[in-house]
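1. Pasting the sequence and the predicted coordinates here, then a few questions.
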Amino acid sequence: MGRELSASGLGAVVKVGTCSSPGLRSRPPSSSSAPGLAVEVKVPTEPLSLPVGKTAELVCSYSTSVGNNFALEWSFVQPGKPISASHPILYFTSGHLYPTGSKAERASLLQNPPTGGVATLKLVDVRPSDTGTYLCHVNNPPDFYTNGLGLINLTVLVPPSSPSCSQSGTAFVGGSAALRCSSSQGAPKPVYSWVRLGSFPTPSPGSMVQDEVSGQLILTNLSLTSSGTYRCVATNQMGTASCELTLSVTGPSEGRVAGTLIGVLLGVLLLSVAVFCLIRFQKERNKTPKETYGGSDLREDAVAPGVSEQASPKADSRRGLLERSLSATTTKSASTATTTKSRLPMIMTSPIPEDEGGYQ
């Protein structure tokens, strides 16, 4: 059985028993065939680092009895994944070279055909996604007992991208503030440092704590002199990039003024809402309600059910005649009463006739 290797290992001379790779298979030993030479693959022991956009040459040499069945394969595995998850880049078999996979257009062999003991891989215009482990696998069926496998780690170097500076919370006198800085790109991962610009001195170490890995700066026991412009610098072996942030520390009096202003604004808002509600209530109250009549109420000008509106004028005329008759009757009665009253004194003052036989 073969051994499973990790992609995190460094490149080295590797001998693996009955190891296989996609597209490359060993023939089973034959009792009539003599044992061949052991396949030995040699690669650099140090990992390779290269700036982005450059051309990488991954050196791989081997020793074996080259014949018609010689086969070579280069494959790639991403960082942190096992060798079994590798993907082929190119392979050489039966005298022909076959690039394959996502790197096919940028991958080739420095010596083609690779039958002289050198199988160096050439990869142009390297990119950050090319970072990982590359496997040089030589297979020669006459060498039945061993296969050769070499591992090379490649890191594509990328300068830091322009970092982003930010501040969390509001800075008050006597409080603390946290400033953050981070770059989205950079290989190896950049380290961060903060400096204060201008003539003001940098805060004392006791009131300033910064983390070079996360890019966070914490300022404690703030004062008005802590206000100013701070610069964050992201650095790796490929270069530097920076961003700036202005910190404004608010004094106690400014805090009280701000609180008073907020209170006044809230009071005006509440008063406006109360006035609006009062005005609306008065408008609703001043509306004239419509007259409603119960089913048992009688109206003098009501029209009987089934009687058309045209009959209404006649009813009005009759009502007028009735009112005039009542008025005339009332006037006549009053006149009669007056006449009767005027006659009553006359009756009372007229002499009483004497009896014919009475006294004088």
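-> Yes, it's here.
2. Please enumerate the strands of the stretch 1-150 of the chain.
-> Remark: strands of the stretch 1-150 of the chain, listed N- to C-terminal, are 15-16, 40-42, 48-51, 56-58, 61-63, 71-77, 87-93, 96-99, 107-109, 121-123, 132-139, 147-157; assignment by DSSP state E, counting those that start in this stretch.
3. helices or strands next to the fifth one in the packing?
-> Translated: strand 61-63. strand 40-42 (3 or more Cβ pairs under 8 Å, 6 or more residues apart in numbering; DSSP states H and E). Backbone N, C-alpha and C define where each C-beta goes, glycine included.
4. Flag every buried residue along the strand it packs on.
-> 40, 41, 42 (16 or more other Cβ atoms under 10 Å).
5. Check the gap between the last one and residue 233 for me.
-> In this case it means residue 42. Distance of residue 42 to residue 233, computed by Cβ to Cβ, to the nearest Å: 42 Å.
6. tell me the most buried of the strands of the stretch 1-150 of the chain?
-> Ranked by average neighbour count under the criterion mean count of other Cβ atoms under 10 Å, the strands of the stretch 1-150 of the chain are headed by strand 132-139 at a mean of 26.
7. quick one: the strands in the stretch 201-350 of the chain?
-> Under the criterion DSSP E, counting those that start in this stretch, the stretch 201-350 of the chain contains strands at 208-211, 216-219, 228-236, 239-247, 249-250.
8. which residues are contacting stretch 204-224?
-> 163, 171-182, 189, 191-194, 202-203, 226, 230, 232, 234, 247, 249, 251 (Cβ atoms under 8 Å, 6 or more residues apart in numbering).
9. what about the chain, any weak spots by pLDDT?
-> Per-residue confidence for the chain (pLDDT under 70) gives these ranges: 1-37, 66-68, 142-147, 201-202, 205, 253-259, 288-360.
10. again, 80 this time
-> Residue ranges of the chain with pLDDT under 80: 1-39, 64-69, 140-147, 199-206, 252-261, 284-360.
11. Please enumerate the helices of it.
-> Listed in chain order, the helices of the chain (DSSP state H) span residues 252-286, 311-349.
12. Which strands and helices lie in contact with the first one?
-> For helix 252-286, not one helix or strand is in contact under the criterion 3+ Cβ pairs under 8 Å, 6+ apart.
13. List the buried residues for that helix?
-> Using 16+ other Cβ under 10 Å as the burial criterion, none of the residues of helix 252-286 qualify.
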